[in-house]
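*Asks:* Fold the following, please.
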Amino acid sequence: MDCKTFTREMEQHIRPATFPVAARLLRAGEPLPEKAKRPFRDLKIQVAICQALAMARRYGWTVAVGEEDLNCVLTKTAFGFAPLTEHYTSGKLACGMYAETLDAGARTEAATERLPHGKYKHLLLAPAGRAEFEPDAVVIYANPAQVMRLLTGALWKRGGALTSSFTGRVDCSDEIIRTALSGDYQVILPCYGDRVFGHTEDHEMAFSLPGAKMAELVEGLAGTHKGGIRYPIPAFLRFTPEYPQHYYELERIWAAGEKLDHR
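*Replies:* Just a heads-up that it's a prediction; the model follows:
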């Protein structure tokens, strides 16, 4: 399935408030689209990857980031745009902020999926409906009910449960790297940095899928829709309301045919 068709299906079944984002990792020598904005070159700023994702999902921009565009050392390390160091693996970057001890911080860093240094040169992001490339991952920001709807679609064919992991840090790794490496869906709890720099709101979560699973997810959404699982979630309205007891005195008066006040 192509990204444009996938986006139309998401608009029909999920109605996300921002654009689904297609993400592709590019090796050295792979060309960037001419229209892709480069934060350092075009905007004269350096960003975090969550910012670039927000530009794609909120502005509708195609954005490409490499080492020169990023100033978040966590994502530069995770995406392999800068070398892995002992300062990172020892837990020093997490200790005192996210973890009490160096050992706890090291375990937190080890839980973040990483790519080998130098394997990729750029991360390309675009609204999926406008993407002219095959994505390694597609990221959809949504409210919890919409994420639940995506989850039920993902499990339509295989059943069971979906397992995701959360650290509260470096959610761009979960959204793109973990999704691409695992080849499976991920439910994402946006991290602290995504909320600060990517302006992700309190009511938002995210859901990601490998590009190869776009058709499967759409089939699952259609199947569960036919089965009665919909978004917006319908309220059950076929019931008789109850009121304060003194309201029912009118019913007694009407039934008894007592004199009515026509004033």
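*Asks:* which residues in this protein form helices?
*Replies:* Assigned by DSSP state H, the chain shows helices spanning 3-13, 49-54, 73-78, 86-89, 102-110, 144-154, 171-172, 179-182, 192-197, 214-226, 248-256.
*Asks:* quick one, what contacts the closest residue in space to residue 108 that isn't next to it in sequence?
*Replies:* Nearest non-adjacent residue to residue 108, counting by Cβ to Cβ, 6 or more residues apart in numbering: residue 94, 4.7 Å away. Glycine gets a C-beta too; all of them are placed from N, C-alpha and C. By Cβ atoms under 8 Å, 6 or more residues apart in numbering, residue 94 lies in contact with 104, 105, 106, 108, 109, 169.
*Asks:* The residue nearest to residue 189 when sequence neighbours are not counted and residue 112, how far apart?
*Replies:* Nearest non-adjacent residue to residue 189, counting by Cβ to Cβ, 6+ apart: residue 166, 4.6 Å away. Distance, residue 166 to residue 112, using Cβ to Cβ, to the nearest Å: 11 Å.
*Asks:* which of the two has more neighbours?
*Replies:* residue 112 (22 against 13; other Cβ atoms under 10 Å).
*Asks:* can you pull the contacts of the more buried one?
*Replies:* 74, 78, 167, 169, 170, 173.
*Asks:* Pick the one among those residues closest to residue 45.
*Replies:* residue 74 (17.8 Å; Cβ to Cβ).
*Asks:* Any idea what the residue sitting nearest the centre point of the chain is bridged to?
*Replies:* The C-alpha lying nearest the average C-alpha coordinate of the chain belongs to residue 206 (Cα atoms, centre = their mean; 2.2 Å). Using DSSP bridges, the bridge partners assigned to residue 206 are residue 141, residue 188.
*Asks:* how about it, what does it touch?
*Replies:* Contacts for residue 206 (Cβ under 8 Å, 6+ apart) come out as 139, 140, 141, 142, 147, 171, 175, 187, 188, 190, 200.
*Asks:* Kindly reformat those residues as TSV containing distance to residue 21.
*Replies:* Compiled in TSV, the contacts of residue 206 are given as follows (distance: Cβ to Cβ, whole Å):
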residue	distance to residue 21
139	5
140	8
141	8
142	12
147	15
171	13
175	9
187	16
188	12
190	13
200	13
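*Asks:* Under the pLDDT cut-off, which ranges of the protein? List them.
*Replies:* 258-263 (pLDDT under 70).
*Asks:* number of nearby residues for residue 216?
*Replies:* 18.
*Asks:* Tell me how far residue 248 lies from residue 255.
*Replies:* 10 Å.
*Asks:* count of residues packed around the residue nearest to residue 133 when sequence neighbours are not counted?
*Replies:* Excluding the flanking residues, the one nearest residue 133 by Cβ to Cβ, 6+ apart is residue 24, at 5.2 Å. For residue 24, the neighbour count with other Cβ under 10 Å is 21.
*Asks:* Isn't residue 24 up against residue 134?
*Replies:* Yes. Here residue 24 reaches residue 134: they are 7.0 Å apart, a contact under Cβ atoms under 8 Å.
*Asks:* separation between residue 67 and residue 81?
*Replies:* In terms of Cβ to Cβ, residue 67 sits 4 Å off from residue 81.
*Asks:* between those two, which one's more packed in?
*Replies:* More neighbours surround residue 81 than the other of residue 67 and residue 81, with 23 against 15 (other Cβ under 10 Å).
*Asks:* Give me the buried positions along stretch 1-17.
*Replies:* 3, 6, 7, 9, 10, 13, 14, 16 (16 or more other Cβ atoms under 10 Å).
*Asks:* now the residues you listed in a markdown table, with distance to residue 37?
*Replies:* Shown next, in a markdown table, are those (distance: Cβ to Cβ, whole Å):
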| residue | distance to residue 37 |
| --- | --- |
| 3 | 18 |
| 6 | 23 |
| 7 | 20 |
| 9 | 27 |
| 10 | 23 |
| 13 | 30 |
| 14 | 26 |
| 16 | 22 |
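*Asks:* Among the residues you listed, which one sits closest to residue 162?
*Replies:* residue 14 (16.2 Å).
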